[in-house]
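K.L.:
Fold the stuff below for me.
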Amino acid sequence: MIRKFIPGAMALGLAAASAQTPAADSPKTEATTPPIEVPAAPKMDPAVIKTDSSYALGYRTGSTFGQQFGRFGVGADDLDQATFIKGFMAAVKGDKPELSEEKLQAAMQALGDMLQSREKETAAANLEAGKKFLEENKKREGVITTPSGLQYEVIAKGGEEKYVAPKEGEQAAEKQFLVNYKGTLIDGKEFDASPEGEPVPMTLQVVPGFKEALTTMPVGAKWKLFVPADLAYGEERRSADIGPNTVLIFELELTKIEDAPAAPQGMPFPMPQGAPGGQ
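P.N.:
Model (predicted):
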């Protein structure tokens, strides 16, 4: 955030310098417009700055922690809050840990073993719940099940334009798909969504269920997808919300198909793309 304001400040400084110091070989002229007065930012109480910025730093650090360790199944319930903060502050201050390195390693090993065992139970429970959900869902009127097992229902039909796969041996430009989407779990919890009114680009480097939908639905169509775990992330845990063997539900609207932009010059390979949900 700090860097965002630096160019503006520099521009104002240069503008002020130009107004105050005329060039040596330029005639002095009267100013035709009054100088722009930039209102000074309101001063904040140092105590408020400390409180608010401490919360901001804590929140952002916690968000990063949640994303990193959520992929291993670590959640807030696995932490003793007081002890966690104690260890965190000791590290920030550069203090030596109260536990020996041997105890730290043993504790992390035990946590890993516990998480591994719990993930097996979670995978089995999710697999059973997902199968039951999909079995019931395919009976609903309007739900179509493809040979792969992907289920979808049409919310809006769209037009005639569809993705055309390149013929064998044909060198065709890679396509990107502009979409609006919202992803939820079978219990209705939303885990990701595209910005409101801002379609996001995707190539076909996505999970199989999403790829099947993008290459099948016409432009302008809106579908509700029910993606079995084996067409999503399978037994892999993707985030704190998306555990192993999780069925994913997406409301997907395809707004446009176009040629994907070329990879930036100087890069040895294209930058990797995230899967649906940005997780």
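K.L.:
average pLDDT for the helix or strand containing Glu121?
P.N.:
Using DSSP states H and E, Glu121 maps to helix 101-137. Mean per-residue pLDDT for helix 101-137: 96.
K.L.:
One more: stretch 262-278?
P.N.:
54.
K.L.:
now the helices: where do they sit in the stretch 1-150 of the chain?
P.N.:
2-20, 46-70, 81-93, 101-137 (DSSP state H, counting those that start in this stretch).
K.L.:
tell me the most buried of these?
P.N.:
helix 101-137 (a mean of 13; mean count of other Cβ atoms under 10 Å). Placement of C-beta: from N, CA and C, glycine included.
K.L.:
Can you find the helix or strand of this protein with the lowest average pLDDT?
P.N.:
Ranking every helix and strand in the chain by mean pLDDT, DSSP states H and E puts helix 2-20 at the bottom, with a mean of 38.
K.L.:
ok, now how distant is the closest residue to Phe72 other than its chain neighbours from Phe65?
P.N.:
Among residues not flanking Phe72 along the chain, Leu115 sits closest, at 6.0 Å (Cβ to Cβ, 6 or more residues apart in numbering). The spacing between Leu115 and Phe65, counted by Cβ to Cβ, to the nearest Å, is 15 Å.
K.L.:
Quick check: the residue nearest to Phe72 touching Gly70?
P.N.:
No - Leu115 is beyond contact range of Gly70, at 11.3 Å (criterion: Cβ atoms under 8 Å).
K.L.:
Quick one: mean pLDDT for stretch 215-230?
P.N.:
98.
K.L.:
before we move on, the earlier item: nearest to Gly220, of the helices of the stretch 1-150 of the chain?
P.N.:
With Cβ to Cβ as the measure, helix 101-137 is the member of these nearest Gly220 (24.8 Å).
K.L.:
The longest strand along the chain pairs with which strands, parallel or anti?
P.N.:
Ranked by residue count, the top strand of the chain under DSSP state E comes out as strand 248-259. Sheet partners assigned to strand 248-259 using DSSP bridges are listed as strand 175-184 (antiparallel), strand 222-227 (antiparallel).
K.L.:
Need those strands in a markdown table (columns: mean neighbour count and distance to Gly87).
P.N.:
As requested, these are exported to a markdown table (neighbours: other Cβ atoms under 10 Å; distance: least, Cβ to Cβ, whole Å):
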| stretch | mean neighbour count | distance to Gly87 |
| --- | --- | --- |
| strand 175-184 | 20 | 34 |
| strand 222-227 | 22 | 39 |
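K.L.:
who wins for proximity to Ser239 among those?
P.N.:
Evaluated with Cβ to Cβ, the strands paired with strand 248-259 place strand 175-184 nearest to Ser239, the distance being 10.8 Å.
K.L.:
for that closest one, the distance to its chain's centre please.
P.N.:
Relative to the centre of its chain, strand 175-184 is centred 13 Å away, using Cα atoms, centre = their mean, to the nearest Å.
K.L.:
So which elements touch the next helix or strand after it?
P.N.:
Once strand 175-184 ends, the next helix or strand along the chain (criterion: DSSP H and E) is strand 190-193. On a contact count with 3 or more Cβ pairs under 8 Å, 6 or more residues apart in numbering; DSSP states H and E, strand 190-193 meets strand 175-184.
K.L.:
average pLDDT for the strand it packs on?
P.N.:
96.
K.L.:
What of stretch 82-89?
P.N.:
Here the average pLDDT along stretch 82-89 is 92.
K.L.:
Which residues does it contact?
P.N.:
Pro97 (Cβ atoms under 8 Å, 6 or more residues apart in numbering).
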